[in-house]
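**Q** I'd like to go over a predicted model; first the sequence, then the structure.
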Amino acid sequence: SIDEVLRRRDRDDRAAAIAKLYSETEPLIDRVDGEIVETIDLNVRSSTLLGDEIARLRAASGRTMAVLMTASTGLAMTAAVMMVWVLRRFTSLMVSRVNEMEHFAGRVAHDIRNPLSAVGIALELIKRNPDIDHRSSVIDRATRTVQRLGQLVDGLLVFARAGACSPEGSEADVSAVVDGVVEEMRPLAESGGIALDLERPETAARVACTPGVLISLLSNLVGNALKHMGTSPVRQVHVRTRELDGSVRFEVHDTGPGIPA
C-alpha cells in the first residue's frame, strides 16, 4: 500500500496519493480503536458480574454463620468458624481476580495510547503538508508503529492468558525492541526539546519474555522520563542496556526533577 501511495505521488497525483493513504490507514486505526474499546468494555462487564457474585457470596456466608451460631454445639461452632474462614478466603480471591482484570484493562488502554498517538501525529503531519520532503519516512515510521502496536497487544494478551507469566520458551531480541521503542518515542522527545539517545548492547542479547511485554515495560519507562521532564534546563534522556551475568539490565537516565527517595 505504501508503494502504491509513493507511485501516485511520483506521478504528481498528490490528491490520489493522500486519498489512498487515508483509505488504507484510517480503517485500520478505527478497527484497532474499536477492538480496544470492546476489550475494555468486556473486562468491565466481567468485573461487574464478579462483583455481584462476591456480594451474593458475602450475604450467603453471613446467613450461614448466623444459622450455625444459633444451632451449634462446640463441634458445630468449630465447623462454622472453618466454613466462614473458607468463604472469606474465597471472597478475597474473587476480589483479587476482579482487581487484576481491571488493572489489565487499564494497562492495555495505557500502553496502546502512545502508539496510536504517534500514528495520528504522522497522518496529521502529512494531511497539513502533503508536499513535505520527508513524507516517505513519516509513512514508514507510522507503519513501524502499527507493527509494534500489534506486537504489544499480542504480548499483553499472551501474558494475561499465561497468568502474568511469560510462556515457556518466549524470547525477545533486546536490540530490536529497544531500537523500536526509542524510535517510537523520538517524536515526543523532539516536541519537548529533549535529546533522546541510546547506548546499544555490545552483543546480540535475547531475554526470556515476549516482545510485547518488553515493549510495554520499556515504553513506560522512557515515556515517563519524557513526559515528566518539567522545566529542567538540561533536557536529556539516555537509554542503555548492559549484560550482567546472564541477565540484561535496562537503564533509563533523565535530567528531570526525579522522584522522592
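**A** Received the coordinates, thanks.
**Q** now the residue nearest to residue 206 when sequence neighbours are not counted: phi and psi?
**A** Among residues not flanking residue 206 along the chain, residue 171 sits closest, at 4.9 Å (C-beta to C-beta, 6 or more residues apart in numbering). In this view, the C-beta of every residue, glycine as well, is placed from N, C-alpha and C. Note on residue 171: its backbone torsions stand at phi -140, psi 140 [degrees, to the nearest 10].
**Q** contact partners for residue 171?
**A** By C-beta atoms under 8 Å, 6 or more residues apart in numbering, the residues touching residue 171 are 206-209.
**Q** and with 10 Å instead?
**A** Residue 171 is in contact with 206-211, counting by C-beta atoms under 10 Å, 6 or more residues apart in numbering.
**Q** which of these tops the neighbour count?
**A** residue 210 (23 neighbours; other C-beta atoms under 10 Å).
**Q** so that one makes contact with residue 170?
**A** Yes - counting by C-beta atoms under 10 Å, residue 210 touches residue 170, with 4.8 Å between them.
**Q** all helices of the stretch 101-250 of the chain, in order?
**A** In the stretch 101-250 of the chain, helices defined by DSSP state H, counting those that start in this stretch lie at 135-161, 174-191, 211-227, listed in chain order.
**Q** considering the ones you listed, which stretch scores lowest in mean pLDDT?
**A** The minimum mean pLDDT among these belongs to helix 135-161 (a mean of 69).
**Q** average pLDDT across the top helix by length along the chain?
**A** The longest helix of the chain (DSSP state H) is helix 14-71. What helix 14-71 shows for mean pLDDT is 75.
**Q** tell me what that helix is packed against?
**A** helix 2-10, helix 74-128, helix 135-161 (3 or more C-beta pairs under 10 Å, 6 or more residues apart in numbering; DSSP states H and E).
**Q** do that again at 6 Å, thanks
**A** Packing partners of helix 14-71 (3 or more C-beta pairs under 6 Å, 6 or more residues apart in numbering; DSSP states H and E): helix 2-10, helix 74-128.
**Q** other SSEs contacting the shortest one?
**A** If contacts are counted by 3+ C-beta pairs under 6 Å, 6+ apart, helix 2-10 sits against helix 14-71.
**Q** okay, the angle between the helix it packs on and helix 2-10?
**A** Angle of helix 14-71 versus helix 2-10, following axes from the mean of the first three to the mean of the last three C-alpha atoms, to 10 degrees, is 150 degrees.
**Q** measure how far helix 14-71 is from the centre of its chain, please.
**A** 16 Å (C-alpha atoms, centre = their mean, to the nearest Å).
**Q** now stretch 78-91, how far from the centre of its chain.
**A** Distance, centroid of stretch 78-91 to centroid of chain: 38 Å (C-alpha atoms, centre = their mean).
**Q** only alpha carbons, please: show it as CSV.
**A** Taking Å, rounded to 0.1, in the frame of the first residue of the first chain, the C-alpha atoms of stretch 78-91 are listed here in CSV:
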residue,chain,number,x,y,z
THR,A,78,-15.7,-25.1,65.1
ALA,A,79,-17.2,-26.2,61.8
ALA,A,80,-19.0,-22.8,61.5
VAL,A,81,-15.7,-20.9,62.0
MET,A,82,-14.0,-23.0,59.4
MET,A,83,-16.8,-22.5,56.9
VAL,A,84,-16.8,-18.7,57.4
TRP,A,85,-13.0,-18.8,57.0
VAL,A,86,-13.3,-20.7,53.7
LEU,A,87,-16.0,-18.4,52.4
ARG,A,88,-14.0,-15.3,53.3
ARG,A,89,-10.9,-16.7,51.7
PHE,A,90,-12.8,-17.5,48.5
THR,A,91,-14.3,-14.0,48.5
